[in-house]
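Q: sequence first, predicted coordinates after that:
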Amino acid sequence: MFTKEDLHQIEQHGLTQAQVEHQLENFRQGFPFLKVVRAASAGDGVMVMSQEQVASAVARYEEKASELQVVKFVPASGAATRMFKELFEFVNEDKYTAGIERLLDNIEKFAFWEELSKYIVPDSPEEEIVEAIIKSGLNYGSKPKGLVTFHAYDDGARKAVEEHLVEGAMYARKGDNVRIHFTVSKEHQAGFEELLAQRLPYYEQRFGVKYDISFSVQKPSTDTIAVNPDNTPFRTENGELLFRPAGHGALIENLNDIDADVIFVKNIDNVTTDARRGDTITYKKALAGVLLELQQQSFNYQKALNEGSADVVEVARFIEEKLFVKLPDNYTAKVLMEVLNRPIRVCGVVRNQGEPGGGPFWVANTDGTQALQIAESSQIAPEDMHLMKSATHFNPVDLVCGVCNAAGEKYDLTQYTDPSTGFISSKSSGGRELRAQELPGLWNGAMAKWNTVLVEVPITTFSPVKVVLDLLRPEHQPEE
């Protein structure tokens, strides 16, 4: 199956032939299904906070923020290929769809119109306009989403990465310092650095802050091979194998390298405009406030358990009611300590309105406990699919992470994963269909052994850009 050149390419990635063959077997066999018990819902795994509780949590975070090392962690390595898939099909295969018609009818409403207009002339043919977006001209088909212009303002347009600078100044600052970490593809890091070098002085002056920007690259050894729909290796136009970053799950190692007390995690494409950002800021702070309260309670109970002074019934009640872990009937103080002594993630979940995203479920664990997990539909067995359909919420990758133990030491996050989880997804490259393997997802398998708390947040905090036409949605357009 593999040529001499293939084996050299595999070796260059830091992988072995056996590892790649195991990945191919995963495509053929799939992954074991999660043992889901039921969908989490309001009052049964999903916290619904009153406005008073939100305000209290926000105040708690704002009071403590100056004492904490805070980092905003933004997965930004994804290429914009999927975002422009329909455009590639038009240019490469002459597929004229309703989406292409809508794009062209509203071309001047896109924030990148001013840039695009430099590469076309009045009455340019439709093919030339579209090609100027994805190939010649803007070349968005070869750029990451972070470097795509998302929003238009009176003082100029902003690319997605710039909106994260704005967000960071709003909720991820310690004093005047804002730390933001972007995970990027190696080939695109220079593009990010060049843009930020130009734009950072403007945002630092505007918000009175100093940005501490860092980057990391997904390790090539965590990449997975891509396959065609028939599970044979996908090859590029020059005949090489295609390896793709193994989804957000591979980023657990990048996350593990971050030195911080509180880490906010949010996707590069989930941003909105200044006028609509209020709920995002409020609830990011609220999630952090919930995290800090739970952490402190957990640390206190761990101290009491170590000293032998704990009321184990009270501790068990905290674990079940606040950390949402259902304990076995025969739990011991040792079991309680094992549950408490884990990283904590507080996840914002929104009411299910048909958007793509993982859903929160109660899952049975091998240790006899039940806990909350975020599951993709591909992780649910066919006989349990009715549970997926009954899910009331989904997770838009909106996390606040507590990664230190009671002694203030950083957990080794790689020890809290479930490597048997993963899922297969449909992607594209150069307009061609492919199957990709993600193992395990950052928000599911890579954090499977964390304590997971779900908090309902408003749908206004979720405004992703999965395809280019999403930029025509109100949350990405100037207010009229």
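A: Received the coordinates, thanks. Residues are numbered from 1 along each chain as shown.

Q: buried residues, the longest helix that the chain contains. List them.
A: With DSSP state H setting the assignment, residue counts place helix 278-307 as the longest helix in the chain. Using 16 or more other CB atoms under 10 Å as the test for burial, helix 278-307 gives 279-295, 298-299, 301-302, 304-305. (Each C-beta comes from the backbone N, C-alpha and C, glycine too.)

Q: from the contact counts, what lies against that helix?
A: Contacts defined by 3 or more CB pairs under 8 Å, 6 or more residues apart in numbering; DSSP states H and E place helix 278-307 against helix 51-64, helix 160-171, strand 262-266, helix 312-321, helix 333-340, strand 344-351, strand 398-402, strand 451-456.

Q: so which of the ones you listed is the most surrounded?
A: Ranked by average neighbour count under the criterion mean count of other CB atoms under 10 Å, the helices and strands packed on helix 278-307 are headed by strand 398-402 at a mean of 26.

Q: for that one, packing partners?
A: For strand 398-402, the helices and strands in contact under the criterion 3+ CB pairs under 8 Å, 6+ apart are strand 262-266, helix 278-307, strand 344-351.

Q: who does it pair up with?
A: strand 262-266 (antiparallel), strand 344-351 (antiparallel) (DSSP bridges).

Q: what comes into contact with the lowest-mean-pLDDT helix or strand in the chain?
A: Within the chain, confidence by mean pLDDT, DSSP states H and E is lowest for helix 385-389 among all helices and strands, at a mean of 83. The contact list for helix 385-389, computed with CB atoms under 8 Å, 6 or more residues apart in numbering, reads 36, 38-39, 359, 361, 375, 377, 380.

Q: list the contacts of the closest residue to Y331 other than its chain neighbours.
A: Excluding its sequence neighbours, the residue lying closest to Y331 (CB to CB, 6 or more residues apart in numbering) is A316, at 6.2 Å. When the contact criterion is CB under 8 Å, 6+ apart, the partners of A316 are 327, 331, 336.

Q: measure A316 to Y301 for me?
A: In this structure, A316 and Y301 are separated by 10 Å, where distance is defined by CB to CB, to the nearest Å.

Q: joint contacts of these two?
A: Common neighbours of A316 and Y301, using CB under 8 Å, 6+ apart, are L336.

Q: before we move on, the earlier item: chain center to the longest helix of the chain: distance?
A: Centre-to-centre, helix 278-307 and its host chain are 21 Å apart (CA atoms, centre = their mean, to the nearest Å).

Q: rounded mean pLDDT for it, please.
A: Averaged across helix 278-307, pLDDT comes to 98.

Q: and that helix with strand 398-402, angle?
A: Inter-element angle recorded for helix 278-307 and strand 398-402: 30 degrees (by axes from the mean of the first three to the mean of the last three CA atoms, to 10 degrees).

Q: I213 touches N177, doesn't it?
A: No. No contact is recorded between I213 and N177 when judged using CB atoms under 8 Å, the distance being 11.3 Å.

Q: neighbours of S142, how many?
A: Neighbour count for S142, taken as other CB atoms under 10 Å: 15.

Q: what sits up against the host helix or strand of L434?
A: Of the helices and strands defined by DSSP states H and E, L434 is found in strand 432-438. Residues lying outside strand 432-438 but in contact with it, judged by CB under 8 Å, 6+ apart, are 23, 26-27, 224-229, 231, 234, 242, 244, 246-249, 422-428.

Q: just give the nearest non-adjacent residue to F27, would you?
A: The shortest distance from F27 to any residue that is not its chain neighbour, by CB to CB, 6+ apart, is 4.8 Å, and that residue is N231.
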